[in-house]
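got a sequence here, can you build the structure:
(one chain, ligands or ions: 1)
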Amino acid sequence: MASVCLSGLRVVVTAASRGIGFGAAKAFLEEGARVLINSSNSKNLERALNELSALGEVYGVVGDLRVKEHLDKIVDEAVNKLGGIDTLVYVAGSPSPGTFLEKSYEDWEDATRLLTISPAYLARRVAEVMIKQGKGGRMVFLASVSIKEPIPTIALSNVCRIAIAGLVRTLARELAPKGIRVNGVLPGYIKTQRVEHLAKDLARRKGISYEEAYKELEREVPLGYIATPDELAKTIVFLGSDMSPYVTGAMIPVDGGLLRSVF
Ligand SMILES: NC(=O)c1ccc[n+]([C@@H]2O[C@H](COP(=O)([O-])OP(=O)(O)OC[C@H]3O[C@@H](n4cnc5c(N)ncnc54)[C@H](OP(=O)(O)O)[C@@H]3O)[C@@H](O)[C@H]2O)c1
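Have a look, this model is predicted:
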């Protein structure tokens, strides 16, 4: 990828102290962007900032994505530190794994806040900033292949993340006249703590070892392996930059061929 293309781009990546968000922030920094990252744990955020600051200009803001005032703080800090926002990448923490019958009312409330209300509210705040700037913008929302083909042991994610697809299509149409493109990414299995937890959960349910469970997940993937966050980040950077000028309203699977359905 050409560095010149992202030089000076002002990017906000949420839930980025590790995993997919961290990988996305790293990829934008490597291409010359200026980045603000967020996570809910100050120690984790500090560790991530230490690592990322070797690559370029990066700031951090501690905030729980389920809390409205913290979302406001993320936007305000981005405007203060970066001078504005050109690209938003919404990554969230994970709702707890489990089957449908294992989940309580409070679990559904929590997951709805994280995967429906918060991305919508943050998008609204960021859209206002981008419209005021008057030079368009890009938003990229992380969802999951589970919104197309539900995974039995992550009921909350299967249901609540579908809202991301509705949000992407709605925003893409409404914001297109303002030059703001809005897209989503559907990761399959990506090598992070989340996949470790899923493999542990699978091992416990099936009475097999963690290693066997991890191999079982790998065997599901036609390309034969679980991708790194860096590999996923290439698609996020593509959608979050001018490398995809005519793409809006798309939900792109990055799954090694995991999805079977045609549409
Ligand atoms: N890995 C996969 O295979 C995969 C596939 C499809 C979808 N996804 C989804 O993609 C998202 C990221 O997954 P990941 O694999 O990168 O997970 P991860 O490695 O566990 O990282 C999760 C990140 O979210 C942050 N976080 C957690 N709760 C937060 C909150 N309330 N507010 C702000 N930040 C919060 C964590 O930082 P702190 O602990 O410092 O707050 C961490 O940086 C999740 O929603 C996951 O379900 C993952």
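
in the helix or strand of the chain with the lowest mean pLDDT, what's buried?
Across the helices and strands of the chain, mean pLDDT, DSSP states H and E gives its lowest value to helix 193-206, namely a mean of 93. By 16 or more other CB atoms under 10 Å, the buried positions in helix 193-206 come out as 194-195, 198-199, 201-203. Any C-beta I mention is one placed from the backbone N, CA and C, and that applies to glycine too.

which of those come close to the ligand?
By CB under 6 Å from any ligand atom, the members of the buried residues of helix 193-206 lying near the ligand are 194-195.

got the residues of the stretch 51-200 of the chain near the ligand?
64-66, 91-94, 142, 144, 157, 187, 189-190, 192-195.

in PyMOL, select just the buried ones from those.
A single PyMOL command selects the buried members of those (16+ other CB under 10 Å):
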select buried, resi 64+65+66+91+92+93+94+142+144+157+187+189+190+192+194+195
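
OK, contacts around the residue lying closest to Leu186 once chain neighbours are set aside?
In this structure, Leu186 finds its nearest non-sequential neighbour in Pro253, 4.4 Å apart by CB to CB, 6 or more residues apart in numbering. Shown in contact with Pro253 (CB atoms under 8 Å, 6 or more residues apart in numbering): 145, 148, 185-186, 188, 259.

among those, who's most crowded?
With neighbours defined as other CB atoms under 10 Å, the most crowded of the contacts of Pro253 is Val185; it has 28 neighbours.

wait, that residue touches Thr235, no?
Yes. Applying CB atoms under 8 Å as the test, Val185 and Thr235 come out as touching, 5.8 Å apart.

now do the shared contacts for the two.
With CB under 8 Å, 6+ apart, Val185 and Thr235 have common neighbours 252, 254.

need the residue closest to the centroid of this protein.
Val91 (2.6 Å; CA atoms, centre = their mean).

touching, that residue and Val13? I think so.
Yes. In this structure, Val91 is within contact of Val13 by CB under 8 Å, at 6.6 Å.
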